[in-house]
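[1] Kindly generate the corresponding structure for this input.
(one chain, ligands or ions: 1)
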Amino acid sequence: MSDTTTSSTTTRDTVILGSGCSGLTAAIYAARANLKPLVLEGHEPGGQLSITTLVENFPGWPQGVQGPELIDNMKQQAVRFGAELKMAHLVSADLSKHPYELNLGTGTEPIRTRTLIIASGASARWLNLPSEQALIGHGVSSCATCDGFFASGKEIAVVGGGDSAMEEALFLTRFASKVTVINRTDHFRASHIMMERAVAHPNITLLSSKVVVEVLGVEEKDVRGVVLRDTKTDKLSTLPVSFLFLGIGHTPNARMFAGQLDLDPDGYILTHGNVFPTHNGKEVPGVFACGDIQDRRYRQAITAAGTGCMAALEVEKFLEEHGR
Ligand SMILES: Cc1cc2nc3c(=O)[nH]c(=O)nc-3n(C[C@H](O)[C@H](O)[C@H](O)COP(=O)(O)OP(=O)(O)OC[C@H]3O[C@@H](n4cnc5c(N)ncnc54)[C@H](O)[C@@H]3O)c2cc1C
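    As a prediction, the model looks like this:
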């Protein structure tokens, strides 16, 4: 592969898209390999962990660590070895010519780069109620695997009617004393088998035609219930719960690569060997993807960090093989 520009000052060796735990881990490895990576932080600097509170399952922190502290440490570690962090959001990318061009949509020149690590994550879908947003990390969560343990012995609610909601509800019965699933219509979209399991479970109650209009507990900084509106009668009611999980899915941040990389039907980047994206089934040289943007199965900080490491090592290998 030959570069279409001769200017090495304006062409980066690597740019990392995203500053969550996958992007920052990639940045630590790339910086230690002296590649001076540029990290575009995006609209959510620090990624999903920056909006959570206690993380108890990241190895090396026996007492747990606050999500923002973990992210801040990763940033410091990356910067210490020469990573450059930039508050910028990628608007579009041109992967049809090499070096690749990244457009930040700010009237500035596009950034040129020989390699690209896409670590742009998948954003959890929220109801976007002010009370819900205020209580994220204080009894409101979108990650049952991460926060189920904190619901031990509590009566809780799960919002959603699809497979992710049923999966979360069933998983949460390991901890919670009672799980109420709240669905906005009277039709549950979950598969037959998931519905059967949920209906048969003695600790799960299914509520249909109800929407959450408020989460109670903002003043106390601890969820103490939800206000529900019946979508047929408009009648309001209160459900006392101590934890609310959102099970309404995630939106992968990969729209800017549509038509240039193979995406699955929900918009996640398809990869083989964990970090190699394709276009029409063929590898795209020098482009790697890591973390939640290519992983809809595990979605954990440690797996995101693991694939971030893999992507950075592949960047090193790629640049070496292409004479850098
Ligand atoms: C409430 C909550 C609690 C959680 N708790 C835990 C836990 O206890 N343990 C655990 O292991 N996991 C937990 N997780 C899951 C964990 O946070 C994710 O698996 C992890 O953050 C994924 O990292 P990532 O780097 O792939 O993506 P993200 O963290 O989603 O980061 C994506 C990054 O990409 C950037 N970006 C997006 N689009 C663009 C663009 N166009 N241009 C530039 N940048 C862009 C964003 O700004 C962001 O910085 C939790 C998640 C949530 C939501």
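[2] Need the phi and psi values for the residue of the stretch 201-324 of the chain found nearest the ligand.
    As assessed by Cβ to the nearest ligand atom, the ligand sits closest to residue 291 within the stretch 201-324 of the chain, at 2.2 Å. The way it works is simple: take the backbone N, C-alpha and C, and place the C-beta from them, glycine included. The phi/psi pair for residue 291 (degrees, to the nearest 10) reads phi 80, psi -160.
[3] quick one, helices of the stretch 51-200 of the chain?
    67-80, 130-134, 144-147, 163-172, 192-200 (DSSP state H, counting those that start in this stretch).
[4] Point out where the chain drops to low pLDDT.
    1-9 (pLDDT under 70).
[5] again, only using 80
    1-9, 106, 324 (pLDDT under 80).
[6] Show me which residues of it sit near the ligand.
    17-23, 40-45, 47-49, 52, 55, 57, 89-90, 119-121, 124, 136, 141-143, 146-147, 253, 256, 291-292, 299-302, 304 (Cβ under 6 Å from any ligand atom).
[7] Filter these down to just the buried residues.
    17-23, 40-42, 44, 47-49, 52, 55, 89-90, 119-121, 124, 136, 141-143, 146-147, 253, 256, 291-292, 299-301, 304 (16 or more other Cβ atoms under 10 Å).
[8] Quickly list what the spatially most central residue of the chain is bridged to.
    By Cα atoms, centre = their mean, the chain has its centre lying nearest to residue 122, at 3.6 Å. Counting by DSSP bridges, residue 122 forms beta bridges with residue 252.
[9] so who does it touch?
    By Cβ atoms under 8 Å, 6 or more residues apart in numbering, residue 122 lies in contact with 250-253, 268, 292-293, 296, 299.
[10] With distance to residue 98 as extra columns, can I get those in JSON lines?
    Below are these laid out as JSON lines (distance: Cβ to Cβ, whole Å):
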{"residue": "250", "distance to residue 98": "31"}
{"residue": "251", "distance to residue 98": "29"}
{"residue": "252", "distance to residue 98": "25"}
{"residue": "253", "distance to residue 98": "23"}
{"residue": "268", "distance to residue 98": "25"}
{"residue": "292", "distance to residue 98": "27"}
{"residue": "293", "distance to residue 98": "22"}
{"residue": "296", "distance to residue 98": "29"}
{"residue": "299", "distance to residue 98": "31"}
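[11] Return the closest of those with respect to residue 63.
    residue 299 (23.6 Å; Cβ to Cβ).
[12] Angles on the backbone of the closest one, please.
    Dihedral angles (degrees, to the nearest 10) for residue 299: phi 50, psi 50.
[13] was I right about residue 74 contacting residue 21?
    Yes: proximity of residue 74 to residue 21 meets the contact threshold set by Cβ atoms under 8 Å, at 6.4 Å.
[14] Under a three-state scheme, what state does the closest residue to residue 85 other than its chain neighbours occupy?
    In space, and not counting its chain neighbours, residue 85 is closest to residue 39: 4.8 Å by Cβ to Cβ, 6 or more residues apart in numbering. Three-state call for residue 39 (DSSP: H, G, I helix; E, B strand; the rest coil): strand.
[15] Could you count how many residues lie near residue 39?
    28 (other Cβ atoms under 10 Å).
[16] Check residue 107 too.
    The burial count for residue 107: 5, using other Cβ under 10 Å.
[17] where exactly do the strands run in the stretch 201-324 of the chain?
    In the stretch 201-324 of the chain, the strands defined using DSSP state E, counting those that start in this stretch lie at 204-207, 210-216, 225-230, 236-239, 243-246, 250-252, 271-272, 276-279, 282-283, 287-289.
[18] how about those in TSV, adding mean neighbour count?
    Putting these into TSV (neighbours: other Cβ atoms under 10 Å) gives the following:
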stretch	mean neighbour count
strand 204-207	18
strand 210-216	20
strand 225-230	19
strand 236-239	13
strand 243-246	27
strand 250-252	18
strand 271-272	17
strand 276-279	18
strand 282-283	11
strand 287-289	29
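[19] Now render those strands as TSV, adding distance to residue 103.
    As requested, the strands of the stretch 201-324 of the chain are exported to TSV (distance: least, Cβ to Cβ, whole Å):
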stretch	distance to residue 103
strand 204-207	46
strand 210-216	38
strand 225-230	42
strand 236-239	47
strand 243-246	32
strand 250-252	20
strand 271-272	23
strand 276-279	18
strand 282-283	23
strand 287-289	16
